[in-house]
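> Generate a structure from the sequence data that follows.
(one chain, ligands or ions: 1)
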Amino acid sequence: MSSATTRVQTLRGLIQLLVNTSELVIKEWETEEQQPATHESQVIPASGLPPHELFEAQRVIRAACGMWMDLVEDPRIRLLEISLSYAFSQALDTTVRAGVPDILAEAESPSDGISAAELCRRTGIDEHKLVRLMRMLCNGGIYNEVKPLQFSNTRVSRVLADNAAAKACSSVYSTKLIVEAVEHLPATLLDPEMTYSTSPKETAFQKAHKTTGTLWDYIEKGDTSDPAVLEVREMFPLAMVGEGQMCSPSLIADFPWGDLGEATVVDVGGGVGSMCLELAKMFPRLRFVVEDLPVSIEKAKSIWNTEVPGAIEAGRTQLITHDFFHEQPVKNAAVYFLRYILHDWPDDACVLILSELREAMGSDSRILVADMIIHPPLGSRHLKSAPAPLPANYGRADAFKSMHDMVMLSVFNGSERTPGQLGVIAERAGLTIEKIWECRGPVSITELRLL
Ligand SMILES: C[S@@+](CC[C@H](N)C(=O)[O-])C[C@H]1O[C@@H](n2cnc3c(N)ncnc32)[C@H](O)[C@@H]1O
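Numbers count the residues shown, from 1 in each chain. Got it, this is the predicted structure:
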């Protein structure tokens, strides 16, 4: 078959997919409008979690649009767009730090928006320069120019308005410590020695910051007179709450937490325990132990006292300082939960972390690993495949997971992993993958049991 014939068939297949899935989206929107009180999306208030069919349709649409663009656009433009994409993220970060989404949220009506002059007055940014940033971001669907030089939020920037955690989650990737690490990825991978290192202390992060310590050393023990250290130290725990807002609803809804009864969930490297906070509110019988390094545990105390008053005094939640490379103090817990932990570490360190948990587990214990799963392009027996002509891994729909993987590589020699890679680490620690719970969000839950 000629390549033109293949392209025609692929394009037709994509159009058909888009028609079918768009009809599904339209039907969902109409149902939502007619029965707001009984619709599934209302069952989990304010979570923004779509019903399963809608989630799948959204994923297929994103994948199909990406593949469609790959088929028809000028490859030279695509290359330029990728090379310049940092300009987009830096412009977004500038407006977020300047509070633009919050100011736009004050508009009396979205159709009037807020004037560029007013934005300039409130942010202190030169008007002509700010307008250039705003217009680029409008092209990317972040803001709207509703009338000449009048701007409003879109459904994307509204997520950030008056939401400190969402803003921290967006801005943490633009902090000096992280951006400079990613900038040093090419030099690190092209360095004939560093390229083979699997040490968390020989990464682009150390090359960029001329240090032997890790990001965690900076956060725990870094020089607090250095603004770059202070920035990350302040922002990181809040950014984790923001990441939690994005993925907790699906992690909660798509795993049978309610079946655990009065079980204890140990949140290993739990930060301030933001996932357990949500679980505590929804499942009053569950008990929690949140473990982390001292800075996070100190911050966790006031957050828990505000969010779930009485949980600490009643002994329902314990906050303890614990280094996960040492013996796990809580034995035989029903669940050891690790969200955004293994992705921070190279394989050998993950095996050590899991081995400490394995020693503490009883026969009914399970480890739940909540990380982004990298879906191999040709599929995995653990994961649902996309419909043809999309690649089995949904292509561009999940491309940001691989971008996240690049950050993990740059900062930690860590990795977002495929099911196969997770399986190898699990087996080295005497564990096996029982099931991957695919959730309606960027993060899934991999359940590990004793081998
Ligand atoms: C990416 S954050 C995830 C936090 C939390 N699990 C969540 O999802 O919000 C990684 C956490 O690992 C913690 N951490 C790093 N090294 C640790 C160690 N050796 N022992 C315990 N916690 C550690 C950090 O302090 C940080 O809170």
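> Give me the domain ranges for this structure.
By the assignment in automatic domain parsing, the chain contains the domains 3-73, 84-162, 166-235, 247-450.
> just flag whichever of these has the lowest average confidence.
Mean pLDDT is lowest for domain 3-73 out of the domains of the chain, coming in at a mean of 84.
> need the domains of the chain in JSON lines with mean neighbour count and distance to residue 241, can you?
The C-beta positions use only the backbone N, C-alpha and C, and glycine is treated the same way. Formatted as JSON lines, those follow (neighbours: other Cβ atoms under 10 Å; distance: least, Cβ to Cβ, whole Å):
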{"stretch": "domain 3-73", "mean neighbour count": "15", "distance to residue 241": "15"}
{"stretch": "domain 84-162", "mean neighbour count": "17", "distance to residue 241": "14"}
{"stretch": "domain 166-235", "mean neighbour count": "17", "distance to residue 241": "7"}
{"stretch": "domain 247-450", "mean neighbour count": "19", "distance to residue 241": "5"}
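> roughly how far apart are the residue nearest to residue 223 when sequence neighbours are not counted and the ligand?
Leaving aside its chain neighbours, residue 223 sits nearest to residue 229 (5.8 Å; criterion: Cβ to Cβ, 6 or more residues apart in numbering). Using Cβ to the nearest ligand atom, to the nearest Å, residue 229 is found at 14 Å from the ligand.
> my read is residue 229 is in a strand, agree?
No. Read with DSSP: H, G, I helix; E, B strand; the rest coil, residue 229 is helix and lies in no strand.
> okay but it is in contact with residue 220, surely?
No. Residue 229 lies out of contact with residue 220 (Cβ atoms under 8 Å); the separation is 10.4 Å.
> quick revisit: got the contact list for the residue nearest to residue 223?
177, 218, 219, 222, 223 (Cβ atoms under 8 Å, 6 or more residues apart in numbering).
> residues in contact with the second one?
Taking Cβ under 8 Å, 6+ apart as the criterion, residue 218 is in contact with 177, 209, 211, 229, 232, 233.
> The same query, at a cut-off of 6 Å, please.
When contacts are counted by Cβ atoms under 6 Å, 6 or more residues apart in numbering, residue 218 is found next to residue 229.
> what's the spacing between it and residue 126?
Remark: distance between residue 218 and residue 126 (Cβ to Cβ, to the nearest Å) = 33 Å.
> Tell me which residues are up against the helix or strand containing residue 432.
Assignment of secondary structure by DSSP states H and E places residue 432 within strand 431-437. With Cβ under 6 Å, 6+ apart as the test, strand 431-437 has contacts from 254, 255, 382, 423, 426, 444, 445, 446, 447, 448, 449, 451.
> Show me what secondary structure element comes after that strand.
Using DSSP H and E, the first helix or strand after strand 431-437 is strand 444-450.
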